[in-house]
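Peer 1: sequence and predicted structure are below.
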Amino acid sequence: MTESSPLENTTAVSHSIDHDGVKAAVRLFLKSIGDNPDREGLQDTPDRIARACDEIFGGLFHTPEDIFAKHFEVKTSSMVLVRDIHFFSMCEHHLLPFFGVVHIGYIPQESHVVGLSKLARLVEVYARRPQVQERLTEQIADALVTYAHAQGVIVVLEAHHMCMMMRGVEKRESTTLTSTVRGTLTNPSVRSEALQLIMQKSN
């Protein structure tokens, strides 16, 4: 873990979504934008949003410790790379979605290999909460070092942000890329190899 990239929000902020609180807030929001929350099309909207929050913000109630509690005893120190882990998250600035893919490469300590599905689960823990792409990238990398004891890590995110597509500059085709490296993958030649593997497209 680095000073410039702390592991933030690794513990749950509460035990569950306050459904009644969400419903009341949604009703107030609908009134505040000039609509009628009691009209036919909106009557069930507060309840739907409250229930949807269980999925959209479910990462608030899970931690990376839960994911990496177990590992495989495999004698290897070669890089493990998983590309195109799809994710959805919510921009904490506008509460609009951003979405895309995460590419993760890591060099395990000998006899400390994590299941491939755990990498996808790690992405979900941090993506399914109010978030910004830059922090999401750093948190995934730091968690692999801290909880999976990886010797080296590279994380690359490619995302589309609805706050740029729907409002403001309205650049619908824009893609935002962020990347970070840790440990042995800060070596320029190793990092270059990893980036080449990540960015090459399947035929």
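Peer 2: That came in fine, so what should we check first?

Peer 1: show me what the lowest-mean-pLDDT helix or strand in the chain is packed up against.
Peer 2: When the helices and strands of the chain are compared on mean pLDDT, DSSP states H and E, helix 162-165 comes out lowest with a mean of 86. Other helices and strands packing on helix 162-165, by 3 or more CB pairs under 8 Å, 6 or more residues apart in numbering; DSSP states H and E, are strand 97-107. For every residue, glycine as well, the C-beta is placed using N, CA and C.

Peer 1: distance from the chain centre to the strand it packs on, please.
Peer 2: Its chain's C-alpha centre lies 8 Å from the corresponding centre of strand 97-107 when counted by CA atoms, centre = their mean, to the nearest Å.

Peer 1: which stretches of this structure form helices?
Peer 2: Assigned by DSSP state H, the helices in the chain fall at 19-32, 45-56, 64-67, 116-127, 133-146, 162-165, 188-199.

Peer 1: so of these, which one's packed in deepest?
Peer 2: Neighbour counts averaged per stretch over the helices of the chain are highest for helix 133-146, at a mean of 22; criterion: mean count of other CB atoms under 10 Å.

Peer 1: tell me which residue lies nearest the centroid of the protein.
Peer 2: For the chain, A127 is the residue whose C-alpha lies nearest the centre (CA atoms, centre = their mean; 2.6 Å).

Peer 1: now do the same contact list for it.
Peer 2: Taking CB atoms under 8 Å, 6 or more residues apart in numbering as the contact definition, A127 lies against 59, 87-89, 136.

Peer 1: the helices of the chain: which one's closest to S174?
Peer 2: Nearest to S174, of all the helices of the chain, is helix 162-165, at 5.7 Å by CB to CB.

Peer 1: where are the low-confidence patches of the chain?
Peer 2: By pLDDT under 70, the weakly predicted segments of the chain are 1-14, 71-75, 111, 168-171, 201-203.

Peer 1: picking up where we left off before, what about the least confident helix or strand of the chain, distance to the chain center?
Peer 2: On the basis of CA atoms, centre = their mean, helix 162-165 is displaced by 18 Å from the centre of the chain it belongs to.

Peer 1: do the same with stretch 38-47
Peer 2: Centroid separation for stretch 38-47 versus its chain: 30 Å, with CA atoms, centre = their mean.

Peer 1: returning to that earlier point: okay, the contacts of A127 in CSV with distance to E65 next?
Peer 2: Conversion of the contacts of A127 to CSV gives the following (distance: CB to CB, whole Å):
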residue, distance to E65
G59, 14
F87, 20
F88, 23
S89, 21
L136, 18
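
Peer 1: quick check on these: which are buried?
Peer 2: By the neighbour-count criterion of 16 or more other CB atoms under 10 Å, these include these buried positions: 59, 87, 89, 136.

Peer 1: in strands, which of these appear?
Peer 2: For the buried ones among the contacts of A127, the ones inside strands are 87, 89, with DSSP state E as the criterion.
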